[in-house]
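*Asks:* Okay, sequence plus prediction incoming.
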Amino acid sequence: MDKTILVCAVSSCLMAFANAAEYKLNTDVLVIGAGSAGLTAAVQSAEKGKKVILLEKNPMVGGSSQFAEGLFAVESELNRLRSDTLTQEEAFKTLMEKHFYVIDGPKTKDYVEGSGENIAWLTDHGIKFEVVRMTPWEEATWHVISDYKGTNHGAGLIKGLKDSADKLGVDTKTSTPATELIQNDKGDVIGAKAANKKGDTYIIQAKAVILASGGFGDDPKKIAEWAHRDPEGWKSSVNMNKTGDGIQMALNAGAQMGPVSFVGHLGTEGKGIKFLSDLYTTSWQPSALWVNSDGNRFANEDVAFSFSQAANAIYAQHGHYAWSIFDDSQVKYMMDKGIDSGIGVLAPVGKKLPNLQKDIDEALAADSDNFKAADSVEQLAKEIGVPEANLAAAVSAYNKGCEVQHDSQFFKLKNYMRPLNTKKLYAIKLKAYYFSSYGGLVTNRNHQVLDKNNKPIKGLYATGLEVSNMVGPTYTTWSSGHAFGFAAFSGRHAALHATENMK
Ligand SMILES: Cc1cc2nc3c(=O)[nH]c(=O)nc-3n(C[C@H](O)[C@H](O)[C@H](O)COP(=O)(O)OP(=O)(O)OC[C@H]3O[C@@H](n4cnc5c(N)ncnc54)[C@H](O)[C@@H]3O)c2cc1C
């Protein structure tokens, strides 16, 4: 039974649902969503001596955060020990440039300047980090969770924060989604309603409500309406049932809608292709030749290192797809020497792909729609359904560029210019995906949600992926860990502002 006061109107609910109850609860801070933003908000609030209820829609805590790997920070203690040279000043200025100055300057400055302290706070909670650079394009900002009691990456961070939350007496309710905010007659938010599958309903009065429900990435209708993307060609890669609940509840309470964006990435799927298998991993490699549905090359394939930009390049093609073409020598290279571009730390740079030939054979045996093999360019053109003349011209021009180690078409880095053996070709279909949506609500420097007149809605905060104006139209891997770092930073700082201003 909850520690919080239970005022039960069981009799009326029993008429509607056998065993269902209506609970009326009171708390200082109500947090909606138990990913990294929600858990940091809950722990930080409880450490300030406040009573906290944490609602989670799914049966377990963690959200997308449990799959993420590292958090952005500059001038952390780890950076100091590694003698990393990026300064917070340079990071701030570069972020403003990278995001075309459409992002929130003051909040970005707070985030950059607080990022090292954010890692220190998490370290004080038993979470250990290592700084990892995955690609030639990024700075040493990615603080990957190396351990929390034997668990690493996002799962380790979630476990660590949940342990802290439990110790501090945070009342966590899983499988209990918030459904609606409660407002007083002045429009201030004074709590929220929630309901579970059993039919139990909760009316929770709170001095502050912190939204941390992780965005709208798993609701194709909102992808079309809010982001104006074709949900058939722009897909969530890890469905966590995140349907924009926090954003929608705030909009219903009078919040203004802010710009939305994504943490995009390239990838593939289809019959005979398993997610994150050795064959899947080939779809992230910069050494292939990419062609669109017309059989024409369209970009420097080393954009694969910047996985969000790569997703844009693919989405921009007709039908929102492309083919990545490689040959038997590249298969051997990836099996013997390892990959050039990592997929996070799950498939790091240099990882050998011992199962690649087996995966290829299995996909072909399954007659995969999205993976094809051919003994000639002509045959490959037929297999992937592109005009033969265009594909032949694309392969010929590309191979000529490889011979002279200069890509006069799109200036791909010469390290990744490897000629194709036209007698043994493979093609894997590339599509555009995203790890998370980003944005929806506009917040001020204190992480309070702003209404249509740009005034804070009293009692309401938004954090993590719910927040607009932290990235521009496209996420950048230059500042690796930006989304995860901001989730933890904004969760904590929303909690600090809420608790410090609480009567
Ligand atoms: C495979 C993968 C790898 C990634 N790697 C990185 C990385 O290394 N670095 C990085 O910066 N970013 C990474 N990301 C993005 C990362 O997930 C986000 O940066 C971060 O998790 C956002 O945290 P959050 O707390 O805002 O959202 P989440 O962690 O998704 O938490 C939101 C929570 O709210 C819950 N919720 C939803 N609706 C309700 C409701 N109505 N009531 C109650 N609860 C609700 C959800 O179930 C969920 O548990 C990755 C994402 C994926 C999928």
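*Replies:* Great, that's in hand. Residues are numbered from 1 along each chain as shown.

*Asks:* Which secondary structure state does the one residue in the stretch 201-350 of the chain that gets nearest to the ligand sit in?
*Replies:* Nearest to the ligand in the stretch 201-350 of the chain, going by C-beta to the nearest ligand atom, is Gly214, at a distance of 2.7 Å. Where C-beta positions appear, they are placed from N, C-alpha and C, glycine not excepted. Counting by DSSP: H, G, I helix; E, B strand; the rest coil, the backbone at Gly214 sits in coil.

*Asks:* ok, it - how many residues close by?
*Replies:* Using other C-beta atoms under 10 Å, Gly214 has 33 other residues around it.

*Asks:* In contact with it, which residues?
*Replies:* Residues near Gly214 by C-beta atoms under 8 Å, 6 or more residues apart in numbering: 33, 35, 37, 63-64, 240, 242, 246, 436, 464-466.

*Asks:* How far off centre is stretch 372-380?
*Replies:* How far stretch 372-380 lies from its chain's middle: 36 Å, per C-alpha atoms, centre = their mean, to the nearest Å.

*Asks:* export that stretch as PDB, just CAs?
*Replies:* Only the C-alpha atoms of stretch 372-380 are listed here, as PDB (Å, rounded to 0.1, in the frame of the first residue of the first chain):
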ATOM      1  CA  LYS A 372      20.100  -8.500 -52.800                       C
ATOM      2  CA  ALA A 373      23.100 -10.100 -54.500                       C
ATOM      3  CA  ALA A 374      24.200 -10.000 -58.100                       C
ATOM      4  CA  ASP A 375      27.100 -11.200 -60.400                       C
ATOM      5  CA  SER A 376      27.000  -8.100 -62.500                       C
ATOM      6  CA  VAL A 377      25.800  -4.400 -62.500                       C
ATOM      7  CA  GLU A 378      23.000  -5.300 -65.000                       C
ATOM      8  CA  GLN A 379      21.700  -8.100 -62.700                       C
ATOM      9  CA  LEU A 380      21.900  -5.800 -59.600                       C
END
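
*Asks:* one step back: could you report the pLDDT at the residue of the stretch 201-350 of the chain closest to the ligand?
*Replies:* Model confidence at Gly214, given as pLDDT, is 98.

*Asks:* hang on, the earlier thing: filter the contacts of Gly214 to the buried ones?
*Replies:* Neighbour-count burial (16 or more other C-beta atoms under 10 Å) is assigned, among these, to 33, 35, 37, 63-64, 240, 242, 246, 436, 464-466.

*Asks:* For the ligand, what is the nearest residue in the stretch 401-503 of the chain?
*Replies:* Residue nearest to the ligand within the stretch 401-503 of the chain: Gly464 (2.2 Å; C-beta to the nearest ligand atom).

*Asks:* Angles on the backbone of Glu97, please.
*Replies:* Phi and psi for Glu97, reported as degrees, to the nearest 10, are phi -70, psi -50.

*Asks:* For it, list the residues it contacts.
*Replies:* By C-beta under 8 Å, 6+ apart, the contact set of Glu97 is empty.

*Asks:* re the thing from before, backbone torsions only: list them for the residue of the stretch 401-503 of the chain closest to the ligand.
*Replies:* phi 60, psi -140.

*Asks:* next one: Met257
*Replies:* phi -90, psi 130.

*Asks:* if we can go back for a sec, out of the contacts of Gly214, which are inside strands?
*Replies:* Among those, the ones falling in strands (DSSP state E) are Ser436.

*Asks:* Break the chain down into its structural domains.
*Replies:* Here the chain is described, according to automatic domain parsing, as comprising the domains 27-202+244-256+442-500, 264-433.

*Asks:* Make a markdown table from those domains and add mean pLDDT and distance to Val209 to it.
*Replies:* Below are the domains of the chain laid out as a markdown table (pLDDT from 0 to 100; distance: least, C-beta to C-beta, whole Å):
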| stretch | mean pLDDT | distance to Val209 |
| --- | --- | --- |
| domain 27-202+244-256+442-500 | 97 | 5 |
| domain 264-433 | 97 | 30 |
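
*Asks:* looking at those, which is buried most?
*Replies:* When the domains of the chain are scored by mean count of other C-beta atoms under 10 Å, the highest mean neighbour count falls to domain 27-202+244-256+442-500 (a mean of 21).

*Asks:* Straight-line length of it, end to end?
*Replies:* End-to-end distance of domain 27-202+244-256+442-500 (C-alpha to C-alpha, to the nearest Å): 15 Å.
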